[in-house]
Structures are given as structure tokens and as C-alpha cells.
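Engineer: Whatever this is, show me its structure:
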Amino acid sequence: MEVKEKNGRFIRTDASMPLQVLKFGGTSMRTRTTRKAVIAHIKTQREKAKLVVVVSAMGRFRDPYATDTLLSLGSLKMRKKEQASLVSIGEQLSALTLCAELLEEGISACTLSFLEAGIISDQHYDYAQVKYMDPSGILKALEQFDVVVVGGFIAIDEEMEVTTLGRGGSDYSAVLFADMLGLKEAIIYTDVNGVYVEDPKQQKNARKYEYLSYGSMLALHSRVLHDRCVVYARDHHIRIYVKGTFSKEEGTWIGS
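Structural biologist: Next up, the predicted model:
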């Protein structure tokens, strides 16, 4: 596969290889048991394409490697750069753990460091702005492996320092990787089975949307997807499919 530079960005010139971007959140990555559901989805989607799998840190606050747990080990006296390096450990560990389990399942997989993943940002360490993207590291890995696992939420600046993309950054990373690879959709797996009119955890019979426009999704102020992810997807014409990790139900499409 080849890449070339166009208008300051690197683009894929050989689109013959089917590719998909999948993203799994912290609740999906929480334990070995929950990750079995993640691996089942990867096996299913691998029948259709080679995969770039974006993962969040494992679990939520008080889980050992969750982002907020790692932050609690630090200090407010730390520089933003040091805090970014601290929380990046969660995504790195999550990616490496899933990669190991995929290999144990006989799946051809590798993981890339943030230096190799190709998202380059400015130096706002806690809410970085993406400057450009380079898919060459991912494409090189995909020549050899069927599944490439990368940590979400994290980028690097041009001095190779770790930065973070803000809350909900792993969702944002998923659409960034899709755009980087010239894809027009990304699948985001979460702990609910799509986007609902009411909170399905509060309302047993909550109605699920089959389809939402980007504008309608933003107007909902839903916690299912971060606004930054939806805005980028809208501006770059990338459809998002929100689907439950632990269910076979159909999810919700978000598009134009």
C-alpha cells in the first residue's frame, strides 16, 4: 500500500484492501470477560475487512487503569505534559492487553505506539488540536497483520511528546483514524445498544433511534458520543454506527 501527500496531508492511494475502524470504550475493555465480547465482534468484522481497533483505558474511576484513577495517582502540581504522559498509560495498557488476547485466539494482531499511530497535534496537552495525520505506520502494519490495535484519546506533538484529545477523546480518535485511512464510516461499540430517546438505564422501554442526523445528535447532548467526535464526522462526511458491545441488537446510524 502506498501513501502520498496532498494539501499537507497524507492519503492512501491504494484503496483495494477493505478496511474498517472499530472503537471499544472503557466498559467494554474492563475485564477479561467483557473483552471476550470485544474479541467476538472483532472476529465477525474481520471476515469482511482488515481492522484498526481503537480502545479506551480499561474501566471507570476506581478501576486500576482507568483514566481518572491514573489521574488520581498524580498531582495538580504536575505540568500538563506530565499529566498527559500519566493518563496515556491507560490506553497503552488496554491496547497491549487486547492485542495479547487476540494473539492467544489465533488472530493476526499487533499494537502501535502513539509515535507510530500517526495523529500529530499541537502542544495543548489536555485538549490538543490535531495538526495533521500520517497513516503510513498503520498501513505498514496492515500489510503484515489483520488487526492493528491502537489507543484512543492520545496524540503526539511534533516534538514527540504525548498529548491528549480531551474527554471523549477515544470516540474522536475513531473518526480521525477513519478519515486518515480514507474511510467513510466508523463503528463505535459501547455499553448501550445505540442512541435512545430516553436513558435506557433509567427507562426500561426507552425508544431507540435507528438513524440520526449529525445535527440531531448534537442537539441531544447525549453522553453516548462526545460532541467533538460528531462535529468532526459531520465536517468530514464520516458515518458513525453506535452499537452495543454486549448485544446483537441493531444500533443507531449517525450521518448527514
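
Engineer: Where does the residue lying closest to residue 68 once chain neighbours are set aside sit: helix, strand or coil?
Structural biologist: Spatial nearest neighbour of residue 68, chain neighbours left out: residue 61 (4.0 Å); criterion: CB to CB, 6 or more residues apart in numbering. From N, CA and C alone the C-beta is placed, and that goes for glycine too. Classification of residue 61 using DSSP: H, G, I helix; E, B strand; the rest coil returns coil.

Engineer: Flag the shaky bits of the protein, pLDDT-wise.
Structural biologist: For the chain, the stretches with pLDDT under 70 are 1-16.

Engineer: Run through the helices of it in chain order.
Structural biologist: 32-46, 67-72, 80-104, 114-117, 136-144, 169-180, 214-220, 227-235 (DSSP state H).

Engineer: for the residue nearest to residue 68, what are its contacts?
Structural biologist: Counting by CB atoms under 8 Å, 6 or more residues apart in numbering, residue 61 touches 68-69, 72.

Engineer: if I read this right, residue 218 contacts residue 230, doesn't it?
Structural biologist: Yes: in this structure, residue 218 is within contact of residue 230 by CB atoms under 8 Å, at 5.5 Å.

Engineer: who's more crowded, these two?
Structural biologist: residue 230 (26 against 16; other CB atoms under 10 Å).

Engineer: Could you pull up the residues touching that one?
Structural biologist: Residue 230 neighbours (CB under 8 Å, 6+ apart): 214, 217-218, 240, 254.

Engineer: swap in residue 117?
Structural biologist: 137-138, 150-151, 177.

Engineer: For residue 174, see how far away residue 193 is.
Structural biologist: For residue 193, the distance to residue 174 equals 18 Å [CB to CB, to the nearest Å].
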